[in-house]
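**Student:** need the 3D shape of this:
(one chain, ligands or ions: 1)
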Amino acid sequence: MSAKAPTIGVVSLGCPKALVDSERIITRLRSEGYQLSGSYEGADLVVVNTCGFLDSAKAESLDAIGEAIAENGKVIVTGCLGKEESLIREAHPKVLEVTGPHQYEAVVGAVHTHLPQVHDPKIDLVPEGGFRLTPRHYAYLKISEGCNNRCTFCIIPSIRGDLVSRPANAVLKEAESLVKAGVKELLVISQDTSAYGVDVKYAESKWKDRMVRAKFYDLCKELGELGAWVRLHYVYPYPHVDEVVGLMAEGKILPYLDIPFQHASPSVLKAMRRPANQDKVLDRIKAWRKICPDLTIRSSFIVGFPGETEDDFETLLDFIEEAEIDRAGVFKYENVEGAPSRDLPGHVDQDDVNDRYDRFMEVQTTLAHQRLQSMIGKTVDAICDGWDEDAEAYAFRTKADAPEIDGVTYVDSDDEIAEGAILKLEILGGEGHEMVGAVVDD
Ligand code: SF4
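**Tutor:** Residues are numbered from 1 along each chain as shown. Purely as a prediction, here's the structure:
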């Protein structure tokens with residue numbers, strides 16, 4: 001028999017915007033299987049969505065919180081008055097958690113913490129790991145929306161707005177559910193992963209028996225405890241990435257960094273408004289490789305950006321060689337509608353753009369070949385992505401290969417190998433971005 005679903009009461013005060021916020025919170029909780037109650041007695045916990053516009057509205061909100069505590073006892077506060085947490089806590093010290101306006105994730109995260117929903121496959125419409133379009137054994141984990149940078153070729157901030165980080169406990173809960181549902185590899189994504197938590201001043205949230213800051217290192221450390229491969233995408237080479245490379249050296253997360261450098265010439269980076277100084281970046285990469293010799297760096301670059309000279313382009317080629325960028329994607333500059341770079345002087349002739357693209361690919365192919373040769377004879381851990389009909393072999397990925405964008409290792413085997421199985425492979429050979437390997441018995 002199914003256990004009774006946890007039940008929430010919602011008190012909604014204030015303007016129509018606050019009402020819409022309440023509706024969003026209710027919709028989300030209902031979709032997760034929580035029940036709603038119209039009375040304090042029928043609820044296991046009460047969410048009070050407050051208003052803080054006028055002094056009279058603040059007083060009304062504080063009264064409503066007091067009533068909910070007296071009648072029910074378990075109360076989470078959200079909404080406009082949430083900005084004045086000390087005022088609420090002074091008046092009502094028993095309040096479980098306080099979140100601000102439009103913080104749906106934080107409210108829902110607080111409900112999860114204080115009234116956990118037990119997944120029941122017989123009645124829940126949504127599977128424990130949510131609906132996913134990726135195969136069962138890997139999943140993307142989005143840790144924030146938007147971006148605080150203003151790169152001149154990019155219109156994402158104008159579409160998605162500034163950085164909005166998810167609370168650490170919401171990210172960790174989703175990650176844990178995915179792992180419980182069979183995910184073996186978590187791919188951490190955002191527009192700027194290393195900036196995680198800057199917008200919320202690294203706010204702490206309760207996870208299990210401890211408080212976890214919404215900070216890049218802290219989140220990676222906790223994700224590393226879940227027993228899945230953790231791969232980081234869209235990381236910028238800020239100094240605090242160093243300590244995360246330490247976690248890679250300890251084997252807590254995968255020794256893999258996807259860093260979209262975009263260019264290497266200081267003048268092009270300036271015109272792109274990228275926050276980086278290339279000398280320091282080279283030093284940083286060298287220091288990372290000392291900390292974690294197995295580190296794989298993937299990056300993407302743009303050739304033919306307005307103002308890019310032949311010298312700038314040569315600087316870029318030197319950089320990918322000197323920095324030993326393991327995997328490099330390259331794009332030809334495009335004049336995106338609405339991007340500030342359209343108005344920059346010195347647009348590069350399309351023939352030159354095409355020529356630079358080809359030359360980049362040549363260098364990149366040579367580097368990839370050298371890297372592949374250095375892998376032959378090595379034994380590495382690899383995850384099985386299933387049977388590949390075209391290759392008539394099992395497709396695997398090593399720790400150095402992200403799905404969709406990096407290479408594959410093909411394995412011929414008479415034994416059936418399950419998707420998501422992590423096995424030891426000996427690398428026998430290969431070409432381009434594809435390797436051939438054989439399963440090594442432990
Ligand atoms: S390119 Fe990336 S970092 Fe730059 S503004 Fe766009 S989303 Fe932000």
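**Student:** show me what stretch 374-381 is in contact with.
**Tutor:** 398-399, 422-430, 435, 440 (CB atoms under 8 Å, 6 or more residues apart in numbering). The C-beta positions use only the backbone N, C-alpha and C, and glycine is treated the same way.
**Student:** between the residues you listed, which is nearest the ligand?
**Tutor:** Minimum distance to the ligand across the contacts of stretch 374-381 is 25.0 Å, recorded for K399 (CB to the nearest ligand atom).
**Student:** now the spatially closest residue to that closest one that is not a sequence neighbour: how far from the ligand?
**Tutor:** Once flanking residues are discounted, K399 sits nearest to L254: 5.0 Å by CB to CB, 6 or more residues apart in numbering. To the ligand, L254 is 22 Å away according to CB to the nearest ligand atom, to the nearest Å.
**Student:** give me the neighbour count for the residue of the stretch 201-350 of the chain found nearest the ligand.
**Tutor:** At 6.7 Å from the ligand, P260 is the closest residue in the stretch 201-350 of the chain, using CB to the nearest ligand atom. As a burial measure, P260 scores 18 neighbours (other CB atoms under 10 Å).
**Student:** that one reaches I302, doesn't it?
**Tutor:** No: counting by CB atoms under 8 Å, P260 stays clear of I302, with 9.4 Å between them.
**Student:** the stretch 151-300 of the chain against the ligand: which residues are in contact?
**Tutor:** C151, C154, I156, P157, Q191, D192 (CB under 6 Å from any ligand atom).
**Student:** in helices, which of those residues appear?
**Tutor:** I156, P157 (DSSP state H).
**Student:** of all the residues of the stretch 151-300 of the chain next to the ligand, which two lie farthest apart?
**Tutor:** Greatest spatial distance among these (CB to CB): C154 and D192, at 11.1 Å.
**Student:** low-confidence stretches in the stretch 301-442 of the chain?
**Tutor:** Where the stretch 301-442 of the chain drops to pLDDT under 70, the residues are 442.
**Student:** quick one: the helices in it, in order.
**Tutor:** Here the stretch 301-442 of the chain has its helices, by DSSP state H, counting those that start in this stretch, at 310-322, 350-375.
**Student:** picking that back up, quick one, which of the residues of the stretch 151-300 of the chain next to the ligand are buried?
**Tutor:** The neighbour-count test (16 or more other CB atoms under 10 Å) marks C151, C154, P157, Q191, D192 as buried among those.
**Student:** and of those residues, the nearest to A181?
**Tutor:** Closest to A181 out of these is Q191 (26.1 Å), distances taken as CB to CB.
**Student:** report pLDDT for the closest one.
**Tutor:** In the predicted model, Q191 carries a pLDDT score of 89.
**Student:** thought A391 was touching Y410?
**Tutor:** Yes: the pair formed by A391 and Y410 meets the contact definition of CB under 8 Å, at 5.1 Å.
**Student:** these two: which is more packed in?
**Tutor:** Neighbour count, other CB under 10 Å: between A391 and Y410, Y410 has more, with 17 against 14.
**Student:** would you confirm that C51 contacts S12?
**Tutor:** No: C51 lies out of contact with S12 (CB under 8 Å); the separation is 9.3 Å.
**Student:** need the overlap of contacts for those two.
**Tutor:** Overlap of the contact sets of C51 and S12 (by CB under 8 Å, 6+ apart) consists of A18.
**Student:** returning to what we had before: can you report how many residues neighbour the residue nearest to K399?
**Tutor:** L254: 25 surrounding residues under other CB under 10 Å.
**Student:** mind telling me what element it is part of?
**Tutor:** Of the helices and strands defined by DSSP states H and E, none includes L254.
**Student:** list the contacts for it?
**Tutor:** L254 neighbours (CB under 8 Å, 6+ apart): W229, V230, R231, L232, M248, K399.
**Student:** the fifth one: what's its closest spatial neighbour, skipping adjacent residues?
**Tutor:** Closest residue in space to M248, ignoring its immediate chain neighbours: P255 at 4.2 Å, by CB to CB, 6+ apart.
**Student:** picking up where we left off before, report the secondary structure state of the residue of the stretch 201-350 of the chain closest to the ligand.
**Tutor:** coil (DSSP: H, G, I helix; E, B strand; the rest coil).
**Student:** next: the one 10 residues further on.
**Tutor:** Taking three-state DSSP as the rule, one finds K270 in the helix state.
**Student:** what pLDDT does it get?
**Tutor:** The model's pLDDT for K270 equals 93.
**Student:** got it, and D120?
**Tutor:** 61.
**Student:** and if you look at the one 5 residues further on?
**Tutor:** Model confidence at L125, given as pLDDT, is 54.
**Student:** just want the most central residue of the protein.
**Tutor:** Nearest to the geometric centre of the chain sits I189, at 2.7 Å (CA atoms, centre = their mean).
**Student:** my read: it touches K142, true?
**Tutor:** Yes: I189 lies in contact with K142 (CB under 8 Å); the separation is 5.5 Å.
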